[in-house]
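J.: pasting the sequence and the predicted coordinates here, then a few questions.
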Amino acid sequence: MPIDGTAGFGLTTELGANNRGVGWMSVLRLTGVSKNFGAIQALKNVSLTIEPGQVIGLMGDNGAGKSTLVKIIAGNFRPSHGQMQIGDHEVSFHGPLDARKNGIEIVYQDLALCDNLTAAVNVFLGRELTRQIGPLRIVDYAAMNRQAAALFKELKSETRPRDLVRSMSGGQRQAVAIARTRLSNARLVLMDEPTAAISVRQVAEVLNLIRMLQDQGVAVVLISHRMPDVFSVADRVVVLRRGSVVADKPISQTSPEEVTGLITGAIEHA
Amino acid sequence: MLDANQTSSTADLDAVMTRQTQTGLATFIGQQAFWVFLAAALAALTLGLVTDSFATPQNLFNVTRNFAFVAIVALGMTVVIISGGIDLSVGSVLCLSAMILAIQMNAGQSFWVASAMALAAALLVGLINGILIAVVGMPSFVVTLGMLSVARSLAMVLSDNKMIFQFGPDETLLFWVGGGSTFGLPHPVVALTLLALLTGFLLNWTRWGVHVFAIGANERAATMTGIRVPLTKISVFMFSSLMAGVAGVLMAGWLGGVTTNLGQSLELTVIAAAVIGGANLMGGAGTVFGAVVGAALIEIIRNSLILLGVSTFWQGAFVGTFIVLAVAFDRIRAYRNS
């Protein structure tokens, strides 16, 4: 793969090796995590283990605690009780940057892209590659285009690094946002409703991107309301209801009917 | 569709990657600045043919010099507009720095020390603007509107509202810098050329430039990707003030006197130049070429009306129409593309 060995850029092969080195160790383990906002208990005693290369469908009705859980994992909130572990050491995040340093990235629903910049520049935004010409440090567009192209190829996405994001489809935009997480070598990617506002064809593209991440050994937490999406890519489904985990089981051992029942409360527990 | 994606071979993907929807030339021709450039060139050509007075060396010398001042300030304004802000204080900053230069030189200070003080004052104004906007979080329109008033008032206080036309021992140097020429090029035009190249380099080839465009398009995304948004915004307003300061020093040398109404309502002409040149007041778009061409077009309109014997009262109507036309064309193009 024609990738420059520039600092900060993780090669796929390296990443795979890392994950194998870690063996069966989890990417992230939550034990007994609770979160209170004053008198309101948003999360109650949530325990969750995320393995490398695993796609977890996180489901639940509005107000079930999905976004609170995601914000805790992403470092926006700190849990009121409970522990978070990466590998075998305990972590506590003081902000999103901390979570990032620990290999956790979020793909926001609006993707946080700049329409007026190219796909490659968006991928490298905030950590642009530069090269020295005499006393001047100039932005190295050629290297960014090359490396972004390699990332898009890795994701098997038809996204042109030199095109402006403005002219891109929903699927391509997702590819740009996901390529960003590949750049930082994230081991866990949280995706907040990635398929909520795009066409059917693009949904297939996004689900493919998730599979590609999984192939690279990246764990994905997919927050979604769309049952077919979760059932087509997730290995496991975790259902939250009123702040508690009411189900955490392999996708093969459940059905959309059961999950719907769990979300609404028609089925108490599974 | 799913399978088609997965099986698409590496060769296919490579072919896609190297392609680009728009080539550099197509992008350039698609830009508003290009059409404004055509309009300006056409206007100049027509005037050259219709009148005997336009294409004379003296008139061309005057036109280029006159527009250079507006264009220099428009460079800074364009950067501010790209970042999603506006700087209404440039006219007053120009006056304040020219006044500080004049007072210092009048008191016997050397040109170099006096102009350094003038530019430092301009940078300080930009710093204050920037902090109030980026750190305190006030709208740039309000902050720089306030500064428009404060800076001019300070110029009046410092000079006791008197005109200064004696510049001490370095007077000839000042007049040469602002009013002289080298190889037939008026010095303000030389300064504009150098500053335009500098601004173009900063915007297109530095991380700072990338960040300015990113902030203008999506400030939240810029923050989340780790760009130091407040610092970048402060530097943007300091850059704009510095350009106004440079124009102030040059103008003092050209006019040979400084009054407190120097640069009055200049901000409107400058914003007009930037907008005619394709800077988008919503942020995220604008070019150095556009700023220069926009300023040139305004000066050509002004000059042509004078040469054609049209009353100067009509200037505002023509310039105003052009602002609206240029943006209307851009809207129509964007509408057709979408």
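T.: Thanks, I have it. Numbers count the residues shown, from 1 in each chain, chains lettered A, B, ... in the order given.
J.: please report how far the residue nearest the centre of chain A lies from chain B.
T.: Central residue of chain A (C-alpha atoms, centre = their mean): residue A:189, 1.9 Å from the mean position. Between residue A:189 and chain B the computed distance is 15 Å (C-beta to the nearest C-beta, to the nearest Å). Quick note: C-beta positions are derived from backbone N, CA and C, even for glycine.
J.: which other residues reach whichever strand or helix holds that residue?
T.: Using DSSP states H and E, residue A:189 falls within strand A:188-192. Residues external to strand A:188-192 that are found in contact with it (C-beta atoms under 8 Å, 6 or more residues apart in numbering or on different chains): A:27-28, A:50, A:67, A:70, A:73-74, A:103-109, A:178, A:181, A:210, A:213, A:218-223.
J.: PyMOL command to pick out the buried ones of those?
T.: Only the buried members of those enter the following PyMOL selection, criterion being 16 or more other C-beta atoms under 10 Å in any protein chain shown:
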select buried, chain A and resi 27+28+50+67+70+73+74+103+104+105+106+107+108+178+181+210+213+218+219+220+221+222+223
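J.: residue in the stretch 51-200 of chain B nearest to chain A?
T.: The stretch 51-200 of chain B approaches chain A most closely through residue B:82 (9.0 Å), counting by C-beta to the nearest C-beta.
J.: tally of neighbours for the closest residue to that residue other than its chain neighbours?
T.: Excluding its sequence neighbours, the residue lying closest to residue B:82 (C-beta to C-beta, 6 or more residues apart in numbering or on different chains) is residue B:286, at 4.3 Å. Per other C-beta atoms under 10 Å in any protein chain shown, the neighbour tally for residue B:286 reads 31.
J.: again with residue B:173
T.: Applying other C-beta under 10 Å, I find that residue B:173 has 17 neighbouring residues.
J.: for residue A:79, helix, strand, or coil?
T.: Under DSSP: H, G, I helix; E, B strand; the rest coil, residue A:79 falls in the coil class.
J.: with the one 4 residues further on instead?
T.: Classification of residue A:83 by three-state DSSP places it in strand.
J.: isn't it right up against residue A:90?
T.: Yes. Using C-beta atoms under 8 Å, residue A:83 is in contact with residue A:90, at 5.7 Å.
J.: and what about the spatially closest residue to residue B:205 that is not a sequence neighbour, helix, strand or coil?
T.: In space, and not counting its chain neighbours, residue B:205 is closest to residue A:138: 4.4 Å by C-beta to C-beta, 6+ apart. For residue A:138, the secondary structure call by three-state DSSP comes out as strand.
J.: so residue A:138 sits against residue A:130, correct?
T.: Yes. Applying C-beta under 8 Å, one finds residue A:138 in contact with residue A:130, separated by 6.3 Å.
J.: rewinding a little: distance check, the residue nearest to residue B:205 against residue B:87.
T.: 27 Å (C-beta to C-beta, to the nearest Å).
J.: repeat that for residue B:163.
T.: Residue B:163 sits 27 Å away from residue B:87, going by C-beta to C-beta.
J.: which one of these two has more residues nearby?
T.: residue B:87 (33 against 12).
J.: where in the chain is pLDDT low?
T.: Here I'm looking at chain A. Counting by pLDDT under 70, chain A has low-confidence residues at A:1-25.
J.: wait, chain B
T.: B:1-30, B:333-334, B:336-338.
J.: most centrally placed residue in it?
T.: Centre-nearest of chain B using C-alpha atoms, centre = their mean is residue B:74, 1.0 Å out.
J.: quick one: contacts for that residue?
T.: So residue B:74 contacts B:270, B:273, B:274, B:277, B:291, B:292, B:294, B:295 (C-beta under 8 Å, 6+ apart).
J.: and it, that's in a helix?
T.: Yes. Per three-state DSSP, residue B:74 lies within a helix segment.
J.: wait, the residue nearest to residue B:82 touches residue B:83, no?
T.: No. Between residue B:286 and residue B:83 there is no contact under C-beta under 8 Å: 9.3 Å.
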